[in-house]
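Requesting a structural model of the entry that follows:
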Amino acid sequence: MNASRTLIKATVALIFLNVIFTSEAQYTRTNIAELSIEDLVNLQITSVSKRQTPLAQSPAAVAVLTADDIRRIGATSIPEALRAIPGLDVARVSANRWAVSSRGFNDEYSNKLLVLVDGRSVYTPTFGGVYWNSEDVVLEDLDRIEVIRGPGATLWGANAVDGVINIITKSAKETQGGLLSTQYGTEDQPEVTARYGGQISTNLFYRVYVKYFNRNGFDDAHGNDMSDNWQVARGGFRMDWEPDEENTFTLLGDYYGGSYGEQVGKTSVIPATNAILGLQAPISGGDLLGRWTHQISEESDLKVQVYYDHYERGHPYGGGVIMASPNEFVSSQNIMHEVRDTWDLDIQHRFPLGHRNDIVWGVGYRHTQDQIDSHGVQITWKINRDADDLFSTFVQDEITVVEDRLHFTIGSKFEHNGDTGFEFEPSGRIAWTPTEHQTVWGSIARAVRTPTRLERDARVDIMSFPTMMGPGIASSLGNPNLGSEEVLAYELGYRFEPMRKLSFDITGFYNDYNLASSVPGTPGLDPNLNPFPHLLLPYNETNGITGSTYGVELLAQWQVTTQWRLSASYSWLQTAFGGNLLTAQTSPEHQFNVRSSLDLGRGWEFDSALYYVDQIKSQSQNVTGSFTTIPAYVRLDLGLTWRPNDRLEFSVWGQNLLDGGHPEFASYKTPNVAEIPRSIFGKITWRF
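Alright, predicted model coming up:
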């Protein structure tokens with residue numbers, strides 16, 4: 001009730017502020033009008049069909065954040081920018097960690113969401129999901145972020161179960177000249193970016209960059225330090241060569257290094273205690289990607305892409321402590337070290353077949369290998385080294401049934417991996433465009449999520465506890481025979497523009513799942529932790545957890561005046577699972593946001609965003625099956641920007657302005673929950 005009242009008051013205040021500013025604005029055409037509503041809904045996107053198609057006619061629930069959207073949101077990281085996407089659940093776990101998911105099952109490692117950066121997958125096979133505190137780009141170099149809600153597996157493969165996030169940066173040709181940017185505030189202490197782009201020869205362009213930030217950690221509700229400060233330095237380059245009209249070559253790479261902090265629990269068996277530690281862990285990595293695009297004709301092209309990705313990171317975990325004698329601990333290193341190398345090759349060909357068929361097909365190969373050292377922590381691996389080979393092929397045919405009116409798309413991905421064997425992920429989509437400004441679409445798709453390394457090979461000691469029979473320990477036990485999770489997804493959508501300055505995008509979905517989960521096993525004596533006998537409460541990874549999710553997502557965009565644009569989104573999510581499926585309860589039933597972009601004239605801009613997120617249940621460090629309730633919250637962000645000319649930009653932002661702090665998500669590693677604080681920062685950007 002308090003959150004609802006706050007939401008109503010903040011909405012009224014937001015509209016009042018914009019009406020005041022509008023009445024005083026000098027009506028000069030600036031950035032807000034560079035793309036009309038009609039331009040926005042007809043943006044060319046590539047994530048739905050692996051070729052350029054208008055967003056308005058795409059048979060999928062897709063949304064796009066443009067470069068100007070990201071700038072006017074005031075985002076300081078990619079996850080924070082994603083809050084504006086309808087149906088996407090973004091919750092901050094700590095100063096350096098986020099839980100990001102689509103259509104439910106949110107978690108710090110949301111294993112049903114595939115994320116790509118310039119065509120390179122950043123999904124980790126170790127835990128599933130994305131290490132968001134390792135993923136960063138120069139935000140000024142972003143071209144757009146395309147987000148598909150719902151399965152994208154037919155084109156992108158396994159783990160694109162509930163969505164695909166495709167992060168696309170600008171070409172080197174579009175980022176010529178220099179850029180210096182710095183921001184400082186209550187969280188950033190500071191952040192500095194330097195980038196320069198130039199031309200080596202005719203049609204050969206490059207850019208190089210360096211970026212550094214140092215961000216303060218957060219506190220819990222009692223004012224205690226969560227030990228989650230974060231600092232990373234990174235640098236990279238991109239080269240784009242267009243030797244002729246038919247060929248384009250791209251080469252890009254990045255390298256980063258830094259550290260992040262995390263609060264973790266430390267479990268001992270004798271005596272049964274659970275202590276809290278604040279730990280720092282190192283992170284580093286690099287990648288190199290090359291891509292050749294050959295334009296055969298206006299309707300046919302060939303793409304070959306290869307990349308290499310390497311990362312090393314520490315994972316803070318409490319010590320897996322066993323008593324060697326009543327007064328002596330053995331081993332407490334507390335940091336698990338992971339090293340992973342990935343090589344990937346992808347070949348794609350598009351061509352027409354007759355006048356009605358547009359076919360895209362491709363083959364791929366990926367090799368990934370890891371080495372994990374977890375000596376002395378609460379997570380134990382059956383094998384320290386592992387490798388996997390993924391072979392894949394896909395084919396998709398877009399059939400024109402009625403020219404410019406009715407299209408049918410059918411295709412499937414076929415994959416083979418070393419753990420679950422052969423997988424297939426078919427889909428069928430239909431798009432009907434009865435008028436130029438209306439599209440009705442529907443889809444049926446099957447997607448799978450392959451088991452993570454953790455689910456197959458690891459034992460995780462969750463917590464210890466005393467019993468009448470002596471000490472006990474609750475542990476999650478991996479299952480080497482675990483099968484893939486499956487979803488059969490049904491979607492129906494409608495996009496329309498009742499007038500040139502107003503558009504709506506409505507999607508309804510129903511997903512039928514067969515999932516894996518940890519379920520309680522039979523307690524007994526633990527044979528693995530000697531010399532002291534103790535009770536083991538096992539949680540076993542198993543398939544066969546069935547259920548469904550369904551909901552509605554709405555996006556509206558309105559060009560109120562030449563200087564003022566509003567956008568609003570709402571999502572409603574329901575889950576129906578028998579038993580106590582943990583991740584089925586970690587996404588909000590209701591989410592709402594409204595964003596306003598207002599040009600005041602003379603280079604001044606006023607931006608605001610209001611977010612409402614319903615309450616959720618999230619697991620903190622405790623016995624599996626127990627939850628921490630995260631209350632509903634309302635967030636208000638305000639930003640004022642002055643652009644005196646095309647080269648200089650000054651901005652000041654206030655975020656989370658309605659309260660001093662609130663929780664958004666709990667961590668399974670600690671019983672304490674971080675409070676996401678109010679933050680203020682200023683930013684200066686100079687282009688030369």
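
List the contacts of Pro677.
Thr186, Glu187, Phe218, Asp219, Asn656, Gly660, Gly661 (Cβ atoms under 8 Å, 6 or more residues apart in numbering). Any C-beta I mention is one placed from the backbone N, CA and C, and that applies to glycine too.

residues in contact with the first one?
When you say that, I think you mean Thr186. Counted by Cβ under 8 Å, 6+ apart, Thr186 has contacts Asn216, Pro677, Arg678, Ser679, Ile680, Phe681.

List the residues that contact the first one.
Same thing as Asn216. Per Cβ under 8 Å, 6+ apart, neighbours of Asn216: Ala95, Thr186, Glu187, Gln189, Asn229.

tell me the two of these that are most distant?
The largest separation in the contacts of Asn216, counting by Cβ to Cβ, is between Thr186 and Asn229 at 13.0 Å.

Now do the SS call for Gly236.
strand (DSSP: H, G, I helix; E, B strand; the rest coil).

Could you tell me how many residues sit around the closest residue in space to it that isn't next to it in sequence?
Counting by Cβ to Cβ, 6 or more residues apart in numbering, Asp254 is the residue found nearest to Gly236 once chain neighbours are left out, at 3.6 Å. Other residues lying near Asp254 total 22 when counted by other Cβ atoms under 10 Å.

Spell out for me which residue occupies the centre of this protein.
The centroid of the chain falls nearest to Val100 when counting by Cα atoms, centre = their mean (4.9 Å).

what bridges to that one?
For Val100, the residues forming beta bridges with it (DSSP bridges) are Val90.

Whichever strand or helix holds the residue nearest to Gly236: partners in the sheet, and parallel or antiparallel?
In this assignment (DSSP states H and E), Asp254 forms part of strand 247-268. The pairing partners recorded for strand 247-268 under DSSP bridges are strand 230-241 (antiparallel), strand 273-297 (antiparallel), strand 320-325 (parallel).

Go through that strand and flag the buried ones.
Across strand 247-268, burial judged by 16 or more other Cβ atoms under 10 Å covers 248, 250-254, 256, 258-268.

coming back round to it: tell me which of the contacts of Thr186 is nearest to Met463?
For the contacts of Thr186, the nearest to Met463 is Pro677 (28.6 Å; Cβ to Cβ).

The residue nearest to Leu279 when sequence neighbours are not counted: neighbour count?
Leaving aside its chain neighbours, Leu279 sits nearest to Pro316 (3.8 Å; criterion: Cβ to Cβ, 6+ apart). Residues near Pro316, counting by other Cβ under 10 Å, number 21.

Pro316 and Asn334 touch, don't they?
Yes - using Cβ atoms under 8 Å, Pro316 is in contact with Asn334, at 6.4 Å.

joint contacts of the two?
Val264, Leu277, Leu279.

now the first one: how far from Ala91?
I take that to be Val264. Between Val264 and Ala91 the computed distance is 19 Å (Cβ to Cβ, to the nearest Å).

what's the answer for the second one, then?
In this structure, Leu277 and Ala91 are 24 Å apart, going by Cβ to Cβ.

for stretch 118-134, how far is the first residue from the last?
15 Å (Cα to Cα, to the nearest Å).

typo on my end, stretch 149-157
Stretch 149-157 end-to-end distance (Cα to Cα) = 15 Å.

Now do the helices in the stretch 351-500 of the chain.
Counting by DSSP state H, counting those that start in this stretch, the segments of the stretch 351-500 of the chain that form helices are 453-457.

Find the residue ranges of it scoring beneath the pLDDT cut-off.
376, 469-470 (pLDDT under 70).

If we use 90, what do you get?
Applying pLDDT under 90 to the stretch 351-500 of the chain flags residues 373-380, 382-383, 404, 436, 459-477, 500.

The stretch 501-650 of the chain too?
516-541, 544-545, 576-586, 617-629.

For it, just list every one of the strands.
For the stretch 501-650 of the chain, the strands defined by DSSP state E, counting those that start in this stretch cover 502-520, 524-525, 535-559, 564-577, 590-601, 604-613, 616-618, 628-630, 633-642, 648-655.

For ChimeraX, write the select line for the buried members of the contacts of Pro677.
In ChimeraX, this line selects whichever of the contacts of Pro677 come out buried by 16+ other Cβ under 10 Å:
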select :187,218,219,656,661
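
Take the contacts of Pro677 and lay them out in TSV including distance to Leu390.
Below are the contacts of Pro677 laid out as TSV (distance: Cβ to Cβ, whole Å):
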residue	distance to Leu390
Thr186	44
Glu187	38
Phe218	38
Asp219	43
Asn656	41
Gly660	47
Gly661	43
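
Looking at the contacts of Pro677, spot the one nearest Asp143.
Among those, and counting by Cβ to Cβ, the member closest to Asp143 is Glu187, at 26.2 Å.

Relative to Asp659, how far out is the closest residue to the closest one other than its chain neighbours?
With sequence-adjacent residues excluded and distances taken as Cβ to Cβ, 6+ apart, Glu187 is closest to Ser679, at 4.8 Å. Counting by Cβ to Cβ, the gap from Ser679 to Asp659 is 12 Å.

Asn96 touches Gln263, doesn't it?
No - if you go by Cβ under 8 Å, Asn96 and Gln263 don't touch, sitting 11.5 Å apart.

So which of the strands of the stretch 501-650 of the chain is nearest Arg238?
strand 648-655 (22.4 Å).
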